[in-house]
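A.B. asks: Got a predicted structure here, sequence first:
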Amino acid sequence: LSSLPLQMLLYINGVYYIFYFLATLAMIMYKSQVFSYPDDFLAPDLAVLFLMAVLEVPRLYLGFKGNLTEAEAPLGLSLGLTVGSMVLCVYLLLWQTYVLWADVLLNAVLLSAYGLESGLKVTAIAAFVS
């Protein structure tokens, strides 16, 4: 009953997130050097990015574990963490101090992957329960 598309998407999302984190961190550093980035706004933007990274590890681990062991609880927890990551991604998309077109592109791809992954998780949980 394990979902191969979900497993593949979790793997791809893990690889993409490494790129996303490094690119977003580089863009925040770039924006802080090029634009008049207020110091009291730099810390929250960095904190959101690092909080997202901290959430990503258990989110992916629980997703892999829940799907491979066909267990609803880890997959459900991973789904909950995905919702939290989506909220942080929306923050970086809409409410960070400066939003560049590259931010929009990176966050749109990540939000699309999160949405597709969430749908596959719900489908897998439904298959495991029945």
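C.D. replies: Here it is on my side, so go on. Keep in mind the model is a prediction, meaning the values are calculated, not measured.
A.B. asks: Setting aside sequence neighbours, what's the nearest residue to residue 16?
C.D. replies: residue 113 (6.6 Å; Cβ to Cβ, 6 or more residues apart in numbering). Heads up, the C-betas are built off the backbone N, CA and C, glycines and all.
A.B. asks: er, residue 114 I mean
C.D. replies: residue 86 (5.0 Å).
A.B. asks: ok, now residue 62?
C.D. replies: That would be residue 78: by Cβ to Cβ, 6+ apart, it lies 3.8 Å from residue 62.
A.B. asks: I figured the one you found hits residue 59, correct?
C.D. replies: Yes: with contact defined as Cβ atoms under 8 Å, residue 78 counts as touching residue 59 (5.4 Å).
A.B. asks: circling back to that earlier point, ok, now which ones touch the residue nearest to residue 114?
C.D. replies: 111, 114-115, 118 (Cβ atoms under 8 Å, 6 or more residues apart in numbering).
A.B. asks: I'd like the distance between it and residue 33.
C.D. replies: 29 Å (Cβ to Cβ, to the nearest Å).
A.B. asks: now residue 10
C.D. replies: 35 Å.
A.B. asks: got the end-to-end distance for stretch 82-100?
C.D. replies: Criterion Cα to Cα, to the nearest Å; first-to-last residue distance in stretch 82-100 is 24 Å.
A.B. asks: again but with stretch 89-108, I slipped
C.D. replies: The first-to-last residue distance of stretch 89-108 comes to 9 Å (Cα to Cα).
A.B. asks: what about it, average pLDDT?
C.D. replies: Averaging pLDDT along stretch 89-108 gives 96.
A.B. asks: List the buried residues in it.
C.D. replies: 89, 91-93, 96-98, 103, 106-107 (16 or more other Cβ atoms under 10 Å).
A.B. asks: can you map out the helices along this structure?
C.D. replies: Along the chain, counting by DSSP state H, helices occupy 4-34, 39-69, 72-90, 101-129.
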